[in-house]
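Engineer: Sequence first, predicted coordinates after that:
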Amino acid sequence: MLVVEISTHTDSRRKLFEIIGQLQLDIDIKHLYFSNINPEMTVATHYHKKKTEWIAILQGKAEITIGSETHITTKPILVEVPVNRWHSVKNIGPGQLQLLGIGNQPYDPKNPDVFSEE
């Protein structure tokens, strides 16, 4: 599991997250989404056949599972989710978990490339 801590810069105006630039990753961004996950909720375990996904945890306490590896964090991190790897994200903190998702394939609601355990 590739896990990289995200650099943050805070001043009286804001908190800035440097998500991709610092890492020198060659990411072809085709899908970008933001999600608030409620306490004790899990984004269901699933995988993608075509899409590599990067999950940026921006705020909150997260339990991220990719394959058989689990990582718990309260720090801003970026996690790579390779193609065909089961993964889930659970909010294990008391407040909202803020997540930014980055994909290298565009989202197609008619063919979403999301396969779950069901």
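Structural biologist: Thanks, I have the structure now. Residues are numbered from 1 along each chain as shown.

Engineer: residues in contact with residue 77?
Structural biologist: Residues in contact with residue 77, defined by Cβ atoms under 8 Å, 6 or more residues apart in numbering, are 3, 4, 5, 6, 56, 57, 71. (C-beta placed from N, C-alpha, C; glycine too.)

Engineer: and what of residue 78?
Structural biologist: Applying Cβ under 8 Å, 6+ apart to residue 78 gives the contacts 3, 4, 6, 19, 20, 23, 54, 55, 56.

Engineer: any idea which element it lies in?
Structural biologist: Here residue 78, judged by DSSP states H and E, is contained in strand 77-81.

Engineer: and the closest residue to residue 7 other than its chain neighbours, how many neighbours?
Structural biologist: The shortest distance from residue 7 to any non-neighbouring residue, by Cβ to Cβ, 6 or more residues apart in numbering, is to residue 18 (4.4 Å). Neighbours of residue 18 under the rule other Cβ atoms under 10 Å: 13.

Engineer: any idea how far residue 18 is from residue 70?
Structural biologist: Going from residue 18 to residue 70 by Cβ to Cβ, to the nearest Å gives 25 Å.

Engineer: again, but for residue 46
Structural biologist: Shown here: residue 46 relative to residue 70, a distance of 16 Å by Cβ to Cβ.

Engineer: Among the two, which residue is more densely surrounded?
Structural biologist: More crowded of residue 46 and residue 70, by other Cβ under 10 Å: residue 46, with 17 against 12.

Engineer: Report the secondary structure state of that one.
Structural biologist: Classification of residue 46 using DSSP: H, G, I helix; E, B strand; the rest coil returns strand.

Engineer: Apart from its neighbours in sequence, what residue is nearest the residue nearest the centre of the chain?
Structural biologist: Geometric centre of the chain, nearest residue: residue 55, 1.7 Å, by Cα atoms, centre = their mean. Spatial nearest neighbour of residue 55, chain neighbours left out: residue 79 (4.8 Å); criterion: Cβ to Cβ, 6+ apart.

Engineer: Report the beta-bridge partners for that neighbour.
Structural biologist: residue 3, residue 55 (DSSP bridges).
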